[in-house]
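In: need a 3D model of the sequence below.
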Amino acid sequence: MKARVTKLPVYAAVIACLGLIDSAYLWLIKITNNEALCIPGIGDCWSVNNSKYSEFYGIPISVFGVATYITILILILAEKKSGTKHNNLILAQFGITLVGFIFSLYLTYIQYGVLKAFCPFCLISALCMTALFVISIIRLAKSVAKVQD
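Out: Below is the predicted model:
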């Protein structure tokens, strides 16, 4: 069990990289306005990525995804170099993934409840963020338990 827990930052980094690639791809679809980049027959990526919900004050939501995944990766890498700030970095990861998870829930609701369409790439990002949130909860709990010992 301990070996798996110590590998959680590695798992988180891999998942964050997948989320980063996915968000960057969504951004590419958005800025190139290229419907061909959406996989035909699997969901309705085009409708979701071109809806009014795909931007926040004119900025594509995928840009925020890219920034979030990069931030998570930076925090994971910073853990290796930090000493006493290690717990703060884990707490920051928890906070970022909590916000990302809640926002992903909201966007998933928009897809199904409002747009009546789903984007497989958006769902991949939501799954990545959910996995990162779960990992951050486990890591935070272990970090708190260590401090209390």
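In: could you use CA atoms for every contact and neighbour count after this?
Out: Noted.
In: so how far is L123 from I70?
Out: 19 Å (C-alpha to C-alpha, to the nearest Å).
In: next one: K146
Out: Counting by C-alpha to C-alpha - K146 and L123 are separated by 35 Å.
In: which helix or strand contains the residue nearest to S125 when sequence neighbours are not counted?
Out: Computed as C-alpha to C-alpha, 6 or more residues apart in numbering, the closest residue to S125 that is not its neighbour in sequence is G19, at 5.3 Å. If you go by DSSP states H and E, G19 is part of helix 8-32.
In: buried residues, that helix. List them.
Out: Neighbour-count burial for helix 8-32, counted by 16 or more other C-alpha atoms under 10 Å, picks out 8-9, 11-13, 15-27, 29-30.
In: outside of that helix, which residues touch it?
Out: Contact with helix 8-32 is made by 35, 37-38, 49-50, 60, 62-63, 65-66, 69-70, 72-73, 76, 121-122, 124-125, 128-129, 131-132, 135, 139, as judged by C-alpha atoms under 8 Å, 6 or more residues apart in numbering.
In: quick one: find the helix or strand in this protein with the lowest mean pLDDT.
Out: Using mean pLDDT, DSSP states H and E, helix 2-6 stands out as the lowest-scoring helix or strand of the chain, at a mean of 58.
In: quick one: contacts for the spatially most central residue of the chain?
Out: By C-alpha atoms, centre = their mean, the mean C-alpha position of the chain lies nearest to M129, the distance being 3.5 Å. By C-alpha under 8 Å, 6+ apart, M129 lies in contact with 16, 19, 97, 100-101, 104.
In: pick the one among the residues you listed closest to L91.
Out: T97 (9.9 Å; C-alpha to C-alpha).
In: grab the nearest non-local neighbour of S136.
Out: Using C-alpha to C-alpha, 6+ apart and skipping the chain neighbours, the partner closest in space to S136 is F94 (5.0 Å).
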